[in-house]
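**Student:** with the input below, show me the fold.
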Amino acid sequence: MTFKDRVLYTHDTWSLTIVRIFLGLVIFPHGAQKLLGWFGGHGPAGFMQAFEQMSGMPGWLGWLVIILEFIGGICLVLGFWTRIWAFCYICLFVGIILTVHLPYGFFMNWNGDKAGEGFEYHLLVIGMAWALVVGGAGRLSIDHSMASQERRF
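**Tutor:** Numbering: from 1, shown residues only. Now for the predicted structure:
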């Protein structure tokens with residue numbers, strides 16, 4: 001089995017399709033905030049400033065975050081190279097937890113008693129992404145269509 005076959009192969013189930021689509025729908029608006037200023041975002045300039053201040057990392061890594069969230073969100077919804085995007089999200093969200101959210105504890109800060117947000121949301125993203133890395137994109141996906149066509153020839 002080639003690398004491409006391993007990436008495209010998916011279990012023929014609807015549950016992975018649902019996990020993938022919802023993860024993409026949740027991630028995409030975050031990328032759109034950062035890239036386009038949609039959904040109350042501040043666009044690239046505002047994000048880069050906040051990114052460098054919060055993480056202390058160089059700006060080019062901020063662009064990588066924007067690409068992962070915006071383009072990756074779209075690709076997840078469509079089911080295109082799902083395992084690759086899902087693995088990237090695992091790496092990204094582990095990094096987000098370690099560099100920003102870990103000091104604020106587990107819970108989201110909806111009561112306003114801390115300066116930042118906890119990492120419970122990030123763990124959900126990691127869990128959903130892990131399911132996609134293991135199982136693939138699901139039945140209704142470009143990956144499934146491409147893998148099926150490759151097996152026919």
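
**Student:** which residue is nearest the centroid of this protein?
**Tutor:** Nearest residue to the geometric centre of the chain (C-alpha atoms, centre = their mean): residue 89, 4.1 Å.

**Student:** which SSE is immediately downstream of the helix or strand that contains it?
**Tutor:** Per DSSP states H and E, residue 89 falls inside helix 82-96. Later in the chain than helix 82-96, the nearest helix or strand by DSSP H and E is helix 120-135.

**Student:** which residues touch that next one?
**Tutor:** Residues from elsewhere that reach helix 120-135 (C-beta atoms under 8 Å, 6 or more residues apart in numbering): 10-11, 13, 16, 19-20, 22-23, 26-27, 76, 82-83, 86-87, 89-90, 93-94, 96-97, 101, 106-108. Bear in mind the C-beta positions are built from the backbone N, C-alpha and C, glycine included.

**Student:** ok, for residue 59, nearest residue in space, not its chain neighbours?
**Tutor:** Excluding the flanking residues, the one nearest residue 59 by C-beta to C-beta, 6 or more residues apart in numbering is residue 48, at 5.1 Å.

**Student:** isn't the one you found right up against residue 62?
**Tutor:** Yes. Residue 48 is within contact range of residue 62, at 4.9 Å (criterion: C-beta atoms under 8 Å).
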